[in-house]
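S.K.: After the sequence you'll find the predicted model.
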Amino acid sequence: MSRLSVLTFLFLSTVASIGLTFWDGNDPGNGMTAAAEKLIKLLDADQKKTAVLEYGNPERLGWHFIPKDERKGLQVKHMTQAQQEAAFLLLKNALSEMGYRKTRQIMELEKVLNEFEEGKGRWARDFERYYFTIFGNPGEDERWGLSVEGHHLSLNFVVDDSQLIGTTPQFFATNPAIVKNANSVGVEVGTRVLDVEETTAFALVQSLTSEQKTQAIIADKALSEIRAAGEPQPPVTEPVGIRYEQLTSEQRALLLKLIDEYINAMPGPVAKQRNDQLHFDGLNQIHFAWAGATEPGIGHYYRVQTPSFLIEFVNTQPDAAGNPANHIHCVWRDLRGDFALAIEE
């Protein structure tokens with residue numbers, strides 16, 4: 001087991017020992033509210049000014065995953081040990097076990113970046129340079145929001161009357177996508193945090209016939225980035241690519257497996273709601289589109305779209321060690337409206 005895996009396991013074990021479990025059968029909003037109240041009680045007056053903002057603050061709709069000098073919220077590095085435990089307990093309640101594990105691993109990859117870049121980049125790579133912001137007043141009858149953000153991570157939630165009603169934008173990224181170079185921080189060569197998101201998509205596109213590829217492949221060159229990055233609402237465009245009904249049964253299974261990986265980053269009730277909506281919309285409404293190379297190591301992009309959600313994935317940039325197309329950005333967005341805000345017609 002790599003040191004990354006060991007650290008993640010130990011952290012999960014520690015958090016499990018001090019409180020709530022991942023999903024206990026109740027709406028995750030209940031656990032989130034209790035955990036948020038606990039965190040706020042541990043903050044001093046100055047920290048509260050940074051970590052707790054009004055629900056209507058425009059910063060709630062501001063999100064991005066690029067490195068920045070400063071971000072909204074209270075940085076993990078500036079928390080006490082007790083505050084850190086409370087903050088990650090809050091996040092633990094907002095995600096599934098898989099989603100939480102990926103989040104922690106993405107943070108740990110900053111150590112790899114720091115070593116490979118040798119501190120020469122503009123921004124410091126630090127696994128504690130992640131920020132928590134609570135918007136509003138967490139309580140049983142209140143609407144409030146949560147942002148957890150930093151380099152290669154942006155998670156956004158809205159809780160209303162102790163019900164988790166908003167979970168987008170949901171953004172994960174990794175650099176390196178696959179750890180290909182030995183390092184001294186203990187991350188094992190071959191570590192691949194966003195594995196299924198890439199390998200399943202490759203399996204699907206490589207299984208397509210020539211005729212199917214003419215429908216699925218929308219461009220020879222990959223998009224350089226996900227669309228509307230940092231924008232409060234997703235791009236609302238007509239779906240492109242190949243439809244679910246035009247796939248074989250094996251290909252359909254791969255497409256659903258790919259979608260499930262994004263769905264299941266969230267707690268059980270949220271995952272069920274997403275899956276129910278997928279089937280309500282109709283599986284034949286799913287479109288899968290590809291752009292760029294269909295082999296690893298060269299820039300590639302895909303999109304999955306239904307009437308209610310949009311997935312985008314891009315891998316075009318080299319990693320910090322220079323390995324080509326080894327730097328993933330991927331996102332799940334709600335086409336009815338991110339941040340629990342309906343898109344205006």
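M.R.: Here it is on my side, so go on.

S.K.: C-alpha from now on. contacts and neighbour counts both.
M.R.: OK.

S.K.: domains of the protein?
M.R.: What automatic domain parsing lists as the domains of the chain is 3-174, 195-340.

S.K.: Now do the strands in the stretch 1-150 of the chain.
M.R.: Secondary structure of the stretch 1-150 of the chain by DSSP state E, counting those that start in this stretch: the strands cover 52-53, 74-75, 130-135, 143-150.

S.K.: Turn those strands into TSV, including mean pLDDT and mean neighbour count.
M.R.: TSV is the format used below for the strands of the stretch 1-150 of the chain (pLDDT from 0 to 100; neighbours: other Cα atoms under 10 Å):
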stretch	mean pLDDT	mean neighbour count
strand 52-53	98	21
strand 74-75	98	22
strand 130-135	99	24
strand 143-150	98	25
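
S.K.: Adding distance to Asp160, write those strands out as JSON lines.
M.R.: Formatted as JSON lines, the strands of the stretch 1-150 of the chain follow (distance: least, Cα to Cα, whole Å):
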{"stretch": "strand 52-53", "distance to Asp160": "16"}
{"stretch": "strand 74-75", "distance to Asp160": "23"}
{"stretch": "strand 130-135", "distance to Asp160": "12"}
{"stretch": "strand 143-150", "distance to Asp160": "4"}
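
S.K.: Grab the longest helix from this structure for me.
M.R.: helix 97-117 (DSSP state H).

S.K.: Pull the distance from that helix to the chain's centre.
M.R.: Remark: helix 97-117 is offset 12 Å from the chain centroid, using Cα atoms, centre = their mean, to the nearest Å.

S.K.: neighbours around the closest residue in space to Asp220 that isn't next to it in sequence, how many?
M.R.: Closest residue to Asp220 in three dimensions, ignoring its sequence neighbours and counting by Cα to Cα, 6 or more residues apart in numbering: Gly292, at 4.7 Å. Counted by other Cα atoms under 10 Å, the residues lying close to Gly292 total 20.

S.K.: Can you tell me which of the domains of the chain is nearest to Asn181?
M.R.: Judged by Cα to Cα, the one of the domains of the chain that comes nearest to Asn181 is domain 195-340, at 7.4 Å.

S.K.: Span of the closest one from start to end?
M.R.: Domain 195-340 has an end-to-end distance of 29 Å (criterion: Cα to Cα, to the nearest Å).

S.K.: now swap in stretch 323-341 and tell me
M.R.: End-to-end distance for stretch 323-341: 39 Å, by Cα to Cα.
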